[in-house]
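okay, here's the prediction I keep looking at, along with the sequence it came from:
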Amino acid sequence: MSIEVLGISVLWLFLFGYVIVASIDFGAGFFNASTIITKKHHIVNTVIQRYLSPVWEITNVFLVFFFVGMIGFFPQTAYYFGTVLLIPISISIILLVLRGSYYAFSTYGTKGHFGYTLMYGVTGVLIPASLSTALIVSQGGFIVETASGRIDLDYMALLTSPFAWSIVALSLVSVLFISASFLAYYSSVAEDWDALKLFKKYTWIWSFPTMFTALGIIIEMKWHNPAHFEGLLALWWLFALSFACFVVSLWLLKTKRYGWSFIFVVLQFAIAFYAYGVSRYPYLLYPYLTIYDSFTNQTMAYALIIVFVLGLMLLIPSLYLVFKLFIMNKPYIKKGK
Amino acid sequence: MDSVEFSRYLTMLTLSVHVIFATLGVGVPIMITIAHWLGLKRNDEHYILLAKRWTRGYVITVAVGVVTGTAIALQLALLWPRFMEFAGQLVALPLFMETFAFFFEAIFLGIYLYTWDRFKNPWRHFYLLIPVVLGSGMSAFFITTVNAFMNTPQGFTLVDGVLTNIQPLVAMFNPATPTKVAHVLTSAYMTTAFVLASIAAYHLLKGNRHEYHRKALALTMKVALIFSIATALVGDLSGKFLAEYQPEKLAAAEWHFETEGEAPLVLYGVLTETNEVKYAIRIPYALSILVHSNPFGEVTGLNDIPEEYHPPLVIHYFFDIMVTIGIWLTVFSLFYWIALWRGWSVIKTKLFRILLVASGPLAMIAIEAGWWFTEVGRQPWIMRGFMSTAEGATDSPYVWAMFIAFAFLYMILLIGTVVVLTRMFKRNPVEKELEKLSDEQRSVAK
Ligand code: HDD
Ligand code: HEM
Ligand code: HEM
């Protein structure tokens, strides 16, 4: 494996990690707010609060890791993405700031204000939508060069593109699907049967839309970027495998093995995510940047990889501790102790 | 105005907000550690409660630090894409390591926060603070090396616009690193101590006579004195560093135009159209002493530096503000200590308590002034000698709109932080918590 491929694989892993943990978090916020309206809030509230409290900062760090690593391994992306994405990413930042700070305010500070809960729910839906513009733009076709030689985002093309909107739709439904599946498992560990029933239902509700939107994107890719569409077709067997995981996860859900069901959901997304990543090889930004011509110097690349390995050696034991103390700790999940 | 100006203002805005929380983020863990340690050592529940309450407030400021930090990290690429493209090849290493250090800190902070009564041996719980202190200190260290690099870049060779011979560690440990890191760390510890002292003094000023607040004040002021002295000493070394590596910054800060020996230190004053200094206080020989530890040492003046590389002359005022506050707070905390030791009653007067309350905000102003001084003083360079600020900036025409949006956002954020923190502590007064604590102990004893 060349060092360029190693670099992008590591980053793709961070991005995938972010997609999963952030989805759980965003979806939890959404369910927390929407159940107030449907008067089922008392059922889900405890489970959601208990999961969210100790982990929200960890979610944010995954995102920071991803883009700091991106600039580290592929400094040229800073120029292209930085220039074109000023507005969409600024919007994401504003939403992330509101979400993070007001979450902390309401959890550690003053309790239970309806406004906080609502904001937490709304931002949970808007952030995935605004962040996914980065992915959409990287597909190519939305960057224009102005007369003065500047590059800029073609906002009209972006806002009127069915392709762009279906990626946004996919990001939303998968957030809800992943989150519901995890929370079903979490409530089963907490032995909170009412919450379990509800999250199980939500998992079913959001499962098939996820499949439809994903399929829709593959079909639209045919018009949007035929070369990439060919790439996707060549990897059809991976997508088939991903679909198989989807079916297995639903079967496990039905047979009440919630932990395994969630694991298969993650597998389903992991396979599709990597297959998609491989299919766009070698482009970071179609057709301007490939992973080869935007790569940093060799010295820095090796230094980053060494630090990465050392850092993981430090972090994995620490994360394991968190995991043991809070996430998978029965007395804690049940009683909050 | 163009996008370069607005990019500068937005960077300045975000960093000025972030640095408030970053400073507390670096400083508070040390204070918590000291209080928790004293509490366990002396078996004094006042100190334990101090650690608990500081931690609770700290969680809020960390959260704001995290979100504003995320904002600035993304904005560096959004507003300075050319600079990040270039510098990313040289300083990605410390940026990457900062993230790890912070992650490490956040994990252990989370564990510390939620495990007050999970351990049988309370010292075990105390040890969780060590990674928190280390993590926040390392975070500050790594990010400051990046800023130091922007002032004195090294560790690469530039041949026809192509970077070769890149050495990330040499870039990290550049000439500006030692003084910058030391000054940033000591000033953060100092500022935090004063901020916490302000809070304790505020309660005393309001007429609260509880032991708890007295202990808090005495402890924080002791720490504040130590780090004030350290900050002033390192500040002196920073001046010497500037004289050697960035003479234009020092000359602009001092309005020092002619290269000469026996140079006086110029404080305050105004500058006329013809660059004459009026109404200033001049301390003879002091600049030469600051730079060379020798009253006759020669100090480079601005007239020996090409006009286009002159930094804006307003930095003089930022420098003055920082140094004045630094000297005042050192003298003030020293006086407090002597008074406490000799039992002078002047420290119990209302006026003195008002001064105590003012010390925290003053220290924070010194931090802001210090950063504006270094950052504006680096102009016109973004990377001194290699890339000008205008070359590094984005050419997107929408920066002004983002500036307005973020200004609005930070306003909400700052107001929210203040409201939440005051409400949190008002609802849970110390007396009530102490009562609850002793109740719990009684029930355990039974
Ligand atoms: C509580 C805050 C505080 C206080 C009381 C002082 N400083 Fe400071 N100073 C800072 C907080 C700070 C800072 C915010 O930490 C800076 C900005 C960038 C940096 O490296 O540190 C800084 C920068 C800074 C620089 C520029 C370094 C550079 O550009 O590389 C110099 C020369 C001094 N300081 C000197 C002093 C002196 C002589 C002081 C005398 C008492 C002093 N500072 C007090
Ligand atoms: C590693 C740390 C830092 C980096 C990489 C960095 C980067 C930058 C950049 C790229 C600019 C724009 C160019 C310029 O106008 O000089 C800038 C400006 C500025 N930064 Fe820093 N900065 C750092 C630390 C800080 C901190 C902590 C502060 C504290 C508030 C700060 C305050 C400012 C200010 C006030 C400006 C505006 C300067 C002007 O108006 O000319 N910087 N910084
Ligand atoms: C030298 C001045 C700075 C210091 C001392 C500093 C320190 C800190 C600290 C202590 C935190 C943790 C939050 C807290 O505990 O309150 C933090 C967060 C953060 N800072 Fe700064 N910072 C500085 C400038 C910058 C700059 C210029 C950047 C941009 C590159 C930056 C990026 C971040 C990020 C991304 C976070 C959030 C951490 C995460 O989610 O991974 N900081 N900073």
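Ah, there it is. Ligands and ions are numbered 1, 2, ... in the order given.

go through whichever helix or strand B:Pro178 is part of and flag the buried ones.
Per DSSP states H and E: B:Pro178 is located in helix B:177-205. Buried residues in helix B:177-205, counted by 16 or more other C-beta atoms under 10 Å in any protein chain shown: B:177, B:179-205. Yep, even glycine has a C-beta here, placed from its N, CA and C like the rest.

run through these and flag the ones next to chain A.
For chain A, no contacts are drawn from the buried residues of helix B:177-205 by C-beta under 8 Å from any C-beta of the partner chain.

just list the residues touching the residue nearest to B:Trp381 when sequence neighbours are not counted, thanks.
Leaving aside its chain neighbours, B:Trp381 sits nearest to B:Ser388 (5.9 Å; criterion: C-beta to C-beta, 6 or more residues apart in numbering or on different chains). If you count contacts by C-beta atoms under 8 Å, 6 or more residues apart in numbering or on different chains, B:Ser388 has them with B:380-382.

for PyMOL, what selects the buried ones among those residues?
A single PyMOL command is used to select the members of those judged buried by 16+ other C-beta under 10 Å:
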select buried, chain B and resi 381+382
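
can you give me the helices in the stretch 1-150 of chain B?
Secondary structure of the stretch 1-150 of chain B (DSSP state H, counting those that start in this stretch): helices located at B:3-42, B:45-79, B:81-114, B:122-127, B:129-151.

burial of B:Leu50, as a residue count?
For B:Leu50, the neighbour count with other C-beta atoms under 10 Å in any protein chain shown is 27.

surely it touches B:Tyr212?
Yes. Between B:Leu50 and B:Tyr212 there is a contact under C-beta atoms under 8 Å: 7.3 Å.

what pLDDT is listed against B:Asp439?
What the model reports for B:Asp439 is a pLDDT of 69.

find the closest residue to ligand 1 in chain A.
Chain A approaches ligand 1 most closely through A:Val68 (22.0 Å), counting by C-beta to the nearest ligand atom.

element containing that residue?
helix A:41-73.

equivalent analysis for B:Val357, please.
Counting by DSSP H and E, B:Val357 is part of helix B:350-377.

helix or strand right after that helix?
strand B:381-383.

give me the buried positions along the longest helix anywhere in chain A.
What stands out as the longest helix in chain A, according to DSSP state H, is helix A:3-37. Using 16+ other C-beta under 10 Å as the test for burial, helix A:3-37 gives A:4, A:7-8, A:10-36.

cool, stretch A:299-307 as well?
A:299-301, A:303-304, A:307.

with respect to A:Asp192, which of those residues is nearest?
When those are compared for distance to A:Asp192 (C-beta to C-beta), A:Val307 wins out at 41.5 Å.

for the closest one, pull up the helix or strand it's in.
Assigned by DSSP H and E, A:Val307 belongs to helix A:298-322.

roughly how far is that helix from the heart of the chain?
22 Å (C-alpha atoms, centre = their mean, to the nearest Å).

can you check stretch B:172-184 too?
That offset, for stretch B:172-184, works out to 14 Å (C-alpha atoms, centre = their mean).

please see if that stretch touches ligand 2.
No. Contact of stretch B:172-184 with ligand 2 (C-beta under 6 Å from any ligand atom) is absent, the minimum separation being 8.1 Å.

wait, does that stretch contact ligand 1?
Yes. Judged by C-beta under 6 Å from any ligand atom, stretch B:172-184 comes into contact with ligand 1 at B:176, B:180, B:183-184.

and those, which is closest to ligand 3?
For the residues of stretch B:172-184 next to ligand 1, the residue nearest ligand 3 by C-beta to the nearest ligand atom is B:Val184; the value is 5.6 Å.

what sits against that closest one?
Per C-beta under 8 Å, 6+ apart, neighbours of B:Val184: B:26, B:140, B:144.

list buried residues within those.
Buried, going by 16+ other C-beta under 10 Å: B:26, B:140, B:144, out of the contacts of B:Val184.
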